[in-house]
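> Here is my input; please provide its structure:
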Amino acid sequence: MRGISRRSLDAVTRRLDDILPSANAATLGHELFEVVALLGEERSLRRWLAEPANDADSKSGLVSELLESRVSPATVLVACDIVRAEWSRSRDMVDAAERMAVYATVASVENEQRLGELEDELFRFRRIVEAEPELRAALTAEGTTAEGKRALVQDLLSGKTNASTLELVTEAVTRPRGRKLEQGLEHYGQLVAERAQRYVAVVRTAAPLSAQQQERLQTVLTRRYGRTMHLNIDVDPQVVGGMSIHVGDEVIDGTIAGRLAEVRRRLAG
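Numbering: from 1, shown residues only. Take a look at the predicted model:
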């Protein structure tokens with residue numbers, strides 16, 4: 001988001017931080033995901049609420065009327081804050097609601113170690129989905145109801161992961177919002193990282209890194225990007241040697257395979 005939407009997002013996030021201490025964070029997160037679903041399904045409502053020319057009090061009044069008998073007071077407050085804000089496009093408003101849902105969902109684990117564990121769980125589950133075509137097919141089958149997919153996720157993860165991880169995976173599976181499953185899991189992982197004020201570096205290496213190597217790499221990347229860096233380590237024998245590092249859209253390729261490919265490209269040129 002940029003411009004006015006970015007400023008509105010910052011303001012809505014500050015308001016969420018004011019509300020969270022007195023709210024049930026898990027309930028708030030779950031209900032905000034329901035608000036996201038409502039806005040996604042009701043196009044005319046979404047467009048009217050995002051229209052800057054419409055009165056902010058009228059917007060919040062309508063949202064209160066729609067939600068007050070269905071969700072907690074905290075959810076109504078956050079939803080009203082979102083629709084009262086100004087957005088460059090309706091998509092930004094819905095994205096902001098989704099972001100607040102994620103932030104609320106992970107609020108109960110907001111310390112560095114546990115947020116890191118949550119990021120790791122989302123990353124590992126994404127890798128499992130990518131490696132298991134049959135599992136991916138079961139989780140994304142068009143003929144399976146949302147309830148059926150939710151039950152499958154419960155069977156796979158209940159009691160094995162953090163409750164916040166279970167909630168986010170369930171949301172990514174049952175309501176993808178136009179994303180592929182892997183993209184949804186990656187997106188939520190990035191939002192968790194943003195909430196923790198960190199970047200995520202995906203490190204591909206041929207062999208596991210020792211704790212000392214991970215610490216040294218994390219220090220180097222933190223210095224480079226000016227923010228604490230969380231490492232997701234992906235051990236891949238195809239790397240051959242060295243490592244490649246993905247931070248957002250940037251790729252640092254120090255693998256032997258990568259250097260050989262670069263030599264071939266130069267020779268071909």
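
> in the stretch 101-250 of the chain, which spans are helices?
When assigned using DSSP state H, counting those that start in this stretch, the helices of the stretch 101-250 of the chain occupy the ranges 112-131, 133-140, 146-157, 163-174, 181-195, 211-225.

> Go through those and name the closest to Val76.
Distances from Val76 to each of the helices of the stretch 101-250 of the chain were compared using Cβ to Cβ; the shortest belongs to helix 163-174, at 20.2 Å. C-betas here are computed from N, CA, C, even on glycine.

> quick one: buried residues of that closest one?
Judged by neighbour count using 16 or more other Cβ atoms under 10 Å, the buried positions of helix 163-174 are Ser164, Thr165, Leu166, Glu167, Leu168, Val169, Thr170, Glu171, Ala172, Val173, Thr174.

> where does this structure dip in pLDDT?
Residues of the chain that meet the criterion pLDDT under 70 lie in 110-113, 249, 256-269.

> what sits against the residue positioned nearest the centre of it?
What sits nearest the mean C-alpha location of the chain, by Cα atoms, centre = their mean, is Tyr188, with 1.3 Å. For Tyr188, the set of contacting residues under the criterion of Cβ atoms under 8 Å, 6 or more residues apart in numbering consists of Val102, Leu122, Leu168, Glu171, Ala172.

> do the same with His246
His246 is in contact with Ala201, Val202, Arg204, Ile252, counting by Cβ under 8 Å, 6+ apart.

> Just the buried residues of these.
Ala201, Val202, Arg204.

> ok, back up a step: let me have the contacts of Tyr188 in TSV, extended by distance to Met1.
Formatted as TSV, the contacts of Tyr188 follow (distance: Cβ to Cβ, whole Å):
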residue	distance to Met1
Val102	15
Leu122	22
Leu168	21
Glu171	20
Ala172	21
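
> Residues touching stretch 76-92, excluding its own?
Taking Cβ under 8 Å, 6+ apart as the criterion, the residues outside stretch 76-92 that touch it are 1-5, 8-9, 11-12, 15-16, 19, 28, 32, 35, 46-47, 49-50, 52, 56-57, 59-60, 63-64, 67-68, 71, 93, 96-97, 100, 104.

> Then stretch 197-213?
With Cβ under 8 Å, 6+ apart as the criterion, stretch 197-213 contacts 119, 123, 189-190, 193, 217, 221, 225, 227-248, 255.

> Now list the buried members of those residues.
Among the contacts of stretch 197-213, those buried by neighbour count (16+ other Cβ under 10 Å) are 119, 123, 189-190, 193, 217, 221, 229-234, 239, 243-247, 255.

> what sits against the closest residue in space to Thr75 that isn't next to it in sequence?
On the basis of Cβ to Cβ, 6 or more residues apart in numbering, the spatially nearest residue to Thr75 that is not a chain neighbour turns out to be Glu31, at 4.1 Å. With contact set as Cβ under 8 Å, 6+ apart, Glu31 has these partners: Val71, Ser72, Thr75.

> Looking at the helices of the stretch 101-250 of the chain, which one is packed in the most?
Highest mean neighbour count among these (mean count of other Cβ atoms under 10 Å): helix 163-174, with a mean of 23.

> in terms of contact, does Ile128 touch Arg136 like I think?
No - Ile128 is not in contact with Arg136 according to Cβ atoms under 8 Å; the separation is 9.1 Å.
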